[in-house]
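J.: Dropping a prediction and its sequence here:
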Amino acid sequence: MKIKILGTRGEIEPTLPKHSQHSGVLIDDKLMFDLGEKEYLKYKPKAIFITHLHPDHAFFVIKPEEIKINIPIFAPEKLKNGPEIKIINKKTEAYGYTITPIPTHHSKLVNSVAYLIEKKPNKIFYTCDVIWINKEYHHLLQNLDLVITEGSFIRKGGMIRRDKSGKIYGHAGIPNLIRLFSRFSKNILFMHFGSWFYKDAEIGKQKIEKLGEENTIKTIVGYDGMEIDLKDL
């Protein structure tokens with residue numbers, strides 16, 4: 001399985017050339033996960049899977065009525081007056097891949113899912129923005145070749161808030177994500193970086209790699225245009 005990281009910028013101003021594009025991941029030139037930039041359509045994927053309807057993951061959210069996309073789009077909910085979206089709430093077979101949506105905690109306003117992507121012998125997990133995944137789904141995450149997740153906050157605890165109903169929303173910290181996903185994979189790739197990373201990308205990279213060493217796993221710092229072949233991990 002070959003992976004191309006299209007964009008690694010969170011919802012902040014672009015100030016680094018290798019981290020200027022919003023979220024997007026391309027698998028084997030066939031399936032796209034998140035569509036943070038309109039220009040990603042040039043890759044002509046067979047299908048697009050959106051984690052949640054925030055504009056840095058689905059660019060068309062800002063002006064949905066103006067965008068026409070002639071590629072099947074899957075997401076956890078529909079968008080009023082926007083491109084046609086097929087709601088994905090169960091395991092789906094697509095072009096030789098098995099795609100399983102797994103509910104995540106992230107936003108108080110929109111639904112969000114992560115995607116388990118399987119094609120024998122490979123198995124990867126793409127979360128992007130996430131606080132937590134309920135334990136009832138953890139059994140699905142055993143023996144992952146790679147986890148692709150977010151790097152919004154380097155501090156432990158990230159930024160988690162709670163609304164009046166008690167629902168949590170926000171982003172987990174990188175140390176928390178490593179603690180969670182190191183149980184399921186020895187390879188974790190971070191993207192969707194927050195402002196902390198843009199202060200000094202090299203120092204940010206060193207911090208993430210050190211956290212990996214401390215937890216005896218490989219932590220990979222993604223960048224726009226990065227290409228990975230799972231057989232090389």
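T.: Here it is on my side, so go on.

J.: Show the average pLDDT along the helix ranked longest in the chain.
T.: The single longest helix within the chain, with elements called by DSSP state H, is helix 201-214. When pLDDT is averaged over helix 201-214, the result is 97.

J.: Spatially nearest residue to residue 83, not counting backbone neighbours?
T.: residue 69 (4.5 Å; Cβ to Cβ, 6 or more residues apart in numbering). C-beta: built from backbone N, CA, C; applies to glycine.

J.: before we move on, back to that, what are the buried residues along the longest helix of the chain?
T.: For helix 201-214, the neighbour count (16 or more other Cβ atoms under 10 Å) marks 201, 204-205, 207-208, 211-212 as buried.

J.: cool, stretch 137-154 as well?
T.: Neighbour counts over stretch 137-154 (16+ other Cβ under 10 Å) mark 140-141, 144-154 as buried.

J.: Tell me how many other residues surround residue 165.
T.: By the criterion of other Cβ atoms under 10 Å, residue 165 has 6 neighbours.

J.: mind checking how far the residue lying farthest from the centre of the chain is from residue 73?
T.: In the chain, residue 164 marks the outermost C-alpha relative to the chain mean, sitting 27.5 Å out by Cα atoms, centre = their mean. Going from residue 164 to residue 73 by Cβ to Cβ, to the nearest Å gives 33 Å.

J.: Need the buried residues of helix 201-214 in JSON lines (columns: distance to residue 107).
T.: Output for the buried residues of helix 201-214, formatted as JSON lines (distance: Cβ to Cβ, whole Å):
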{"residue": "201", "distance to residue 107": "27"}
{"residue": "204", "distance to residue 107": "25"}
{"residue": "205", "distance to residue 107": "28"}
{"residue": "207", "distance to residue 107": "26"}
{"residue": "208", "distance to residue 107": "24"}
{"residue": "211", "distance to residue 107": "25"}
{"residue": "212", "distance to residue 107": "28"}
